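Peer 1: The amino acid sequence is not available; the structure is as follows:
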């Protein structure tokens, strides 16, 4: 049955008011295909416009990570070269300072013991907060202030040896661990007590017992 037959049946059963309502609904139904056609034409126009625009205006493609890395090789190479020069300069400066200090220490010559040097031997008790050692000690010094000390435990077992003059000192042996050599004013703190013994012993030539305390260290000589 077509649309006209449906509307005719509605008119027969409904009266005049229903007729007007049906006619308005029919006009709306008849208008729907036209609206759909207009909407379809508008959609086609929009799609065509977007297609034409995309053809005329190519889109920018994002750079991947490899492209970004390779985008400026000259800039990256220049930066790495500057860093390399800075590191090389710092290393060269430290090397020069180290070689200069070693050369200064190695050029210093300590006086060798002579016949006019005074020598004293006896025992030394060395104490710290955690250590107590008693051993044999031999000291020798000159009138000009050159000084040597050897602290040993039994024959041939040297615990510490010290050579010192007015400006330089050298400490070696197991008790000194890695040891040290250089200007007295630049000595590490752990050797300050040993470096004070030179003046104490030289100015105590006539005493049989010499005692020196430096912080947590104490030295007791019995000649």
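Peer 2: Happy to help now that I have it. Predicted model, so just to flag it, every value in this text is computed and none were measured.
Peer 1: This protein: helices as residue ranges?
Peer 2: Remark: helices assigned in the chain by DSSP state H are 3-14, 16-56, 65-70, 73-107, 192-195, 197-202.
Peer 1: Can you get me a residue count around residue 205?
Peer 2: Residue 205 sits with 11 neighbouring residues when counted by other Cβ atoms under 10 Å. Using the backbone N, CA and C atoms, a C-beta is placed for each residue, glycine as well.
Peer 1: An error on my part: the question was meant for residue 211.
Peer 2: Neighbours of residue 211 using other Cβ under 10 Å come to 13.
Peer 1: what domains does the record give for this protein?
Peer 2: 3-56, 65-107, 118-222 (automatic domain parsing).
Peer 1: weakest of those by average pLDDT?
Peer 2: When those are compared on mean pLDDT, domain 3-56 scores lowest, with a mean of 50.
Peer 1: who touches residue 192 in this structure?
Peer 2: Contacts for residue 192 (Cβ atoms under 8 Å, 6 or more residues apart in numbering) come out as 214, 215.
Peer 1: separation between it and residue 215?
Peer 2: 8 Å (Cβ to Cβ, to the nearest Å).
Peer 1: who does the nearest residue to residue 180 once chain neighbours are set aside bridge with?
Peer 2: Counting by Cβ to Cβ, 6 or more residues apart in numbering, residue 180 lies nearest to residue 171, which is 5.3 Å off, once chain neighbours are set aside. Taking DSSP bridges as the rule, residue 171 bridges to residue 162, residue 180.
Peer 1: Name all residues that make contact with residue 171.
Peer 2: 160, 161, 162, 179, 180, 181, 191, 194.
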